[in-house]
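Structure of the sequence below:
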Amino acid sequence: MLTLFQSKFSKVILGVFAVLICFLVLVKTMHEYRKYTLAGSGTSATNTITVTGSEDVFVVPDLATFSYSVTELAKTVAEAQKIATDKANKAIAFLKQNGLADKDIQTTSYSISPQYDYVSGVCTQYGCPSGKQVLKGYEVSQSVTVKTKIDDAGKILAGIGQLGVTNLSGLQFTVDNEDMFIAKARKNAIDEAKTKAQVLAKDLGVSLVRVVNFSEGGDYPRPMYAKAMTMDSSVGMGGGTPEIAKGENKITSSVSITYEIR
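Numbers count the residues shown, from 1 in each chain. Have a look, this model is predicted:
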């Protein structure tokens with residue numbers, strides 16, 4: 001009886017050891033699998049290759065931005081503010097009448113500063129006395145940035161120029177849904193880098209294991225004008241509506257991918 005009991009007990013012990021060994025093998029296997037499949041897992045890679053990819057996407061812009069200023073000089077601050085405010089309000093009213101929303105009109109600066117004239121002293125046979133600054137008034141200046149549909153830009157520029165604003169400048173073209181085109185350029189750049197990595201790995205006789213590093217750069221957008229546009233004195237003085245050439249915006253994505261190899 002005792003011998004039979006010892007035999008059964010030995011089989012149980014062996015069975016437990018067998019289960020433990022299987023469990024340890026499974027844990028080790030899972031660890032190795034995670035180490036080689038999870039990018040950025042913290043495990044340092046010793047053998048690597050780095051590839052790059054780049055993609056240009058050309059987009060016809062659909063938005064235009066520009067800026068203008070309202071500047072007035074008067075003897076007192078109150079007088080200068082009143083004249084400037086009246087002119088600024090007329091300009092904003094014109095913009096809204098032409099379909100621009102509040103979010104498309106932004107005041108970027110507002111300043112009040114004294115202005116002086118330098119008056120020289122009357123010279124005599126004994127010399128010329130020092131001159132002095134004489135207050136001539138106060139200047140109120142307000143700068144505004146406007147965003148509009150590019151097809152309406154010429155009409156907006158011509159109309160607002162007739163309202164007595166100054167420094168009408170800074171015309172730039174942008175894309176409303178720019179993130180979508182940036183994502184497209186990035187995906188194509190990544191696909192190009194992946195293809196390079198696969199070809200390089202085949203030529204080297206190695207296998208790609210995982211991505212261990214990724215970086216991205218780019219240039220978006222870069223305006224590429226089909227035709228130069230100038231705003232001269234005829235704009236806003238009955239000189240007609242300026243022609244706005246849209247051209248293209250260039251969106252570039254450049255990526256660098258480092259793979260672990262074995």
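
low pLDDT regions in the stretch 101-250 of the chain?
For the stretch 101-250 of the chain, the stretches with pLDDT under 70 are 220-239.

Give me the neighbour count for residue 143.
Taking other Cβ atoms under 10 Å as the neighbour definition, residue 143 ends up with a count of 19. Heads up, the C-betas are built off the backbone N, CA and C, glycines and all.

Give me the secondary structure label for it.
strand (DSSP: H, G, I helix; E, B strand; the rest coil).

Wait, it touches residue 166, no?
No. Taking Cβ atoms under 8 Å as the definition, residue 143 is not a contact partner of residue 166, at 9.8 Å.

Common neighbours of the two, please.
Shared between the contact lists of residue 143 and residue 166 (criterion: Cβ atoms under 8 Å, 6 or more residues apart in numbering) are residues 68-69.

doesn't residue 53 fall inside a strand?
Yes. The assignment for residue 53 is a strand, going by three-state DSSP.

and it, what is it in contact with?
Under the criterion of Cβ under 8 Å, 6+ apart, the contact partners of residue 53 comprise 188-194, 196, 254-255, 257.

any idea how far residue 144 is from the residue lying closest to residue 141 once chain neighbours are set aside?
For residue 141, ignoring the flanking residues on the chain, the nearest one in space by Cβ to Cβ, 6 or more residues apart in numbering is residue 71 at 4.4 Å. Between residue 71 and residue 144 the distance is 12 Å, computed by Cβ to Cβ, to the nearest Å.

Likewise for residue 55?
Relative to residue 144, residue 55 is positioned 37 Å away (Cβ to Cβ).

Please apply the same query to residue 94.
Between residue 94 and residue 144 the distance, using Cβ to Cβ, works out to 12 Å.

Look at those two and report which has more neighbours.
Taking residue 94 and residue 144 together and counting by other Cβ under 10 Å, residue 144 has the greater number of neighbours (21 against 16).

re the thing from before, secondary structure, distance to residue 171 and neighbour count added to the contacts of residue 53, as a markdown table?
Supplementary listing: those in a markdown table, determined by DSSP: H, G, I helix; E, B strand; the rest coil; distance: Cβ to Cβ, whole Å; neighbours: other Cβ atoms under 10 Å:
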| residue | secondary structure | distance to residue 171 | neighbour count |
| --- | --- | --- | --- |
| 188 | helix | 30 | 17 |
| 189 | helix | 30 | 25 |
| 190 | helix | 34 | 17 |
| 191 | helix | 35 | 13 |
| 192 | helix | 34 | 16 |
| 193 | helix | 36 | 22 |
| 194 | helix | 40 | 17 |
| 196 | helix | 40 | 16 |
| 254 | strand | 28 | 18 |
| 255 | strand | 32 | 24 |
| 257 | strand | 38 | 21 |
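
Just name the closest of the residues you listed to residue 132, please.
Sorting the contacts of residue 53 by distance to residue 132 puts residue 254 at the head of the list, at 59.9 Å, by Cβ to Cβ.

Could you check the pLDDT of the closest one?
The predicted structure scores residue 254 at 96 on the pLDDT scale.

Just to check, it is in contact with residue 182?
No. In this structure residue 254 lies outside contact range of residue 182 using Cβ under 8 Å: 11.9 Å.
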